[in-house]
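Peer 1: for reference, the sequence and a predicted model appear below.
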There are 2 protein chains.
Amino acid sequence: MKKHNFYAGPSILPQYTIKNTAEAVLDFAGTGLSLLEISHRSKEFQAVMDETQALFKELLDVPAGYEVVFVGGGASLQFCMVPYNILNKKAAYLKTGVWAKKAQKEATAFGEVVEVASSEDKTFCYIPKGFEAKVPTDVDYFHITTNNTIYGTELHKDPDVKVPLVADMSSDIFSRPIDISKYSIIYGGAQKNLAPAGLAFAIVKVDALGKVDRHIPTMLDYRTHIEAGSMFNTPPCVTVFGALQTLKWLKAEGGVKEMQRRALVKADKLYSAIDGSRIFRPTVTDHEDRSYMNICFVMKDEYKDLEKEFLDFATAQGMIGIKGHRSVGGFRASTYNALPVESVDALVAVMKEFESKH
Amino acid sequence: MKKHNFYAGPSILPQYTIKNTAEAVLDFAGTGLSLLEISHRSKEFQAVMDETQALFKELLDVPAGYEVVFVGGGASLQFCMVPYNILNKKAAYLKTGVWAKKAQKEATAFGEVVEVASSEDKTFCYIPKGFEAKVPTDVDYFHITTNNTIYGTELHKDPDVKVPLVADMSSDIFSRPIDISKYSIIYGGAQKNLAPAGLAFAIVKVDALGKVDRHIPTMLDYRTHIEAGSMFNTPPCVTVFGALQTLKWLKAEGGVKEMQRRALVKADKLYSAIDGSRIFRPTVTDHEDRSYMNICFVMKDEYKDLEKEFLDFATAQGMIGIKGHRSVGGFRASTYNALPVESVDALVAVMKEFESKH
């Protein structure tokens, strides 16, 4: 039976990435050696790293003055790297979910932190409105989380603020064009739209660095990785190779504009099915706040006791990873770039079939 | 032609690891999904993480009171994590190579650092003698690097000191039995004897933690990873899976005692060939300091101009990764656990053939 992979992350990757990685694990670039056992200093791997960086910049239209670095530790390590590198006295944060909250908390050890707005009062089921005007003008930066994986909300536009902007784009990078020039740092874990787990990326405005007085541990200093082309120490080679395959696939498929078009098609189909359902309801009601990457829904109150039954029913028909996060409950279907529209159609069909039985 | 993989790291892994990883990239644990796209919160991956930790502890005979954590960022990130977690006022370091030097330098931002001894005067071609007696008794810990990958020296015994001992064992972990109870922290990158690149391990004495006053960023606090079973954030799933395969192979092959026996056989063959050569000479002359993992040799002065020719000659016969590090020159053959003795025999044969031609 065909499996439909709706995991929130690590999550579905293109078959192109999977097939090429499996082949490279057996024989990498014709070397006769496995990708798992090749030196990162070999010319074959250096070529992978160089091409990954170049294609990353090309596909996101990264302007001059910015560098892209790949580091280990995931986005969670970036939560402290950002303030380490650019928080002098004061930073502002938008609290739109548990990851945004963690990022904000981490910064409090480095300086004063202003909470511009929060949607915690309603389990983060919306994006606070008018936050741009509330950002203090004397902060070193303003931090946002563009997509909130757990709650299914998303900022679909690059905000306009008068201070340096920092964004965690772990779960929506490469899903739409971004105006990089509006940001000082964009970072994220790679394990949604880009690569297998084990890599974080950061797009860094070089001018934003070098303005804090504190000592920065070598590995936490963005300049270390910029100067070394992300090869200061051994990079996670398999993950970087996987990222390159996904980027090649992305380019061949039409780039981030095409991914945005597909995301809208998939999200529209699924949200329409949820909105039109007799037994399901969406957790995010404000249409402009709805994520195109993570679509959350629950059973209506009168059908609440059917949740387990639906989960079992959908799982038995090949729907994988649709159980919602425990803080929201219900269901979550993640519709990342690599998820084909057929998987959304299949889920909608399963939802309708279940509904017709009740 | 068969390739013999002598890379210093990432380096040769067992065929068992390579084959199983390639298969899991196509279908992981019968899920119908790739290892690259499976949620780390799935029961199938949780089982991998649990078994990896258990087998890691079993094979190294890790005593009660110690925990094993897996984190991203490589050993280089551990250089700051160690002082972050346990350096209050003063630490002592043994400078036996470029990695030891980097670890030592990183600690200077956290407290006073005493250099107990150094072999930098002779390009780190030996291990300083009698260092144990020179370790100050008032330091928070004493840091050693047990194997120096670039220079080919190794500490073959767990030192006896009266202060907490910390060791970077990146390149000789699992190559011999260790008396873990002598150490407070043992850490290392996984990409030599354990797994593909992208993972660091730390064996931490739990009692050693919680004694510093400074704020520790969440991701740099060993307690974060101990409490969360190395699943505080998304772990590098493919790398952890690879580690588990290597650990299973290691157990089936007879464990670390058998690895030590094999390492001695391989090292003895290669050092004997070098010592007995008319044109090659070892860079580490003191037998007790010689690494069993990285065997360094150069051309004797009168044959110096043949280096390039030998490298080409050996490469053409399938010897991969034997070029020495630029700071030592010449050649380096890494003989990690997964390298079969046949590869050492093949290299020795190539050396003898080359010698007979000159």
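Peer 2: Done, it's in. Note that this is a predicted model, so its numbers are computed, not measured.
Peer 1: and the stretch 101-250 of chain A, which residues reach chain B?
Peer 2: A:102, A:106, A:109, A:189, A:191, A:195-199, A:215, A:217-220, A:232-239, A:242 (C-beta under 8 Å from any C-beta of the partner chain). To be clear about C-beta, it is placed using only N, CA and C from the backbone, and glycine gets the same treatment.
Peer 1: switch the cut-off to 6 Å
Peer 2: Remark: the part of the stretch 101-250 of chain A in contact with chain B comprises A:109, A:191, A:196-198, A:215, A:217, A:219, A:233-234, A:236-239, using C-beta under 6 Å from any C-beta of the partner chain.
Peer 1: what's the neighbour count on A:Ser118?
Peer 2: 18 (other C-beta atoms under 10 Å in any protein chain shown).
Peer 1: what bridges to it?
Peer 2: Taking DSSP bridges as the rule, A:Ser118 bridges to A:Lys95.
Peer 1: likewise for A:Ala91?
Peer 2: Counting by DSSP bridges, A:Ala91 forms beta bridges with A:Val113, A:Tyr141.
Peer 1: mind listing what it touches?
Peer 2: Each residue near A:Ala91 by C-beta atoms under 6 Å, 6 or more residues apart in numbering or on different chains is listed here: A:107, A:113, A:139-141.
Peer 1: next, the contact list for the residue of the stretch 201-350 of chain A found nearest chain B, please.
Peer 2: Residue nearest to chain B within the stretch 201-350 of chain A (C-beta to the nearest C-beta): A:Pro236, separated by 2.8 Å. By C-beta under 6 Å, 6+ apart, the contact set of A:Pro236 is A:72, A:198-199, B:197-198, B:236.
Peer 1: repeat for A:Glu112
Peer 2: By C-beta under 6 Å, 6+ apart, A:Glu112 lies in contact with A:Lys90.
Peer 1: go again with 10 Å.
Peer 2: A:Glu112 makes contact with A:87, A:89-92, A:139-140, according to C-beta atoms under 10 Å, 6 or more residues apart in numbering or on different chains.
Peer 1: tell me how far it lies from A:Gln104.
Peer 2: 12 Å (C-beta to C-beta, to the nearest Å).
Peer 1: need the residues touching each of the two.
Peer 2: Between them, A:Glu112 and A:Gln104 share these contacting residues under C-beta under 10 Å, 6+ apart: A:91-92.
Peer 1: what count of nearby residues applies to the closest residue in space to A:Ala8 that isn't next to it in sequence?
Peer 2: Distances taken as C-beta to C-beta, 6 or more residues apart in numbering or on different chains place A:Ser334 nearest to A:Ala8, at 4.7 Å, with adjacent residues excluded. The local packing of A:Ser334 (other C-beta under 10 Å) involves 24 other residues.
Peer 1: which non-adjacent residue is nearest A:Gly9?
Peer 2: Once flanking residues are discounted, A:Gly9 sits nearest to A:Lys192: 4.5 Å by C-beta to C-beta, 6+ apart.
Peer 1: A:Ile173 is in contact with the one you found, correct?
Peer 2: Yes - counting by C-beta atoms under 10 Å, A:Ile173 is a contact partner of A:Lys192 at 7.6 Å.
Peer 1: what residues are shared contacts of those two?
Peer 2: Jointly contacting A:Lys192 and A:Ile173 under the rule C-beta under 10 Å, 6+ apart are A:147, A:293, A:337.
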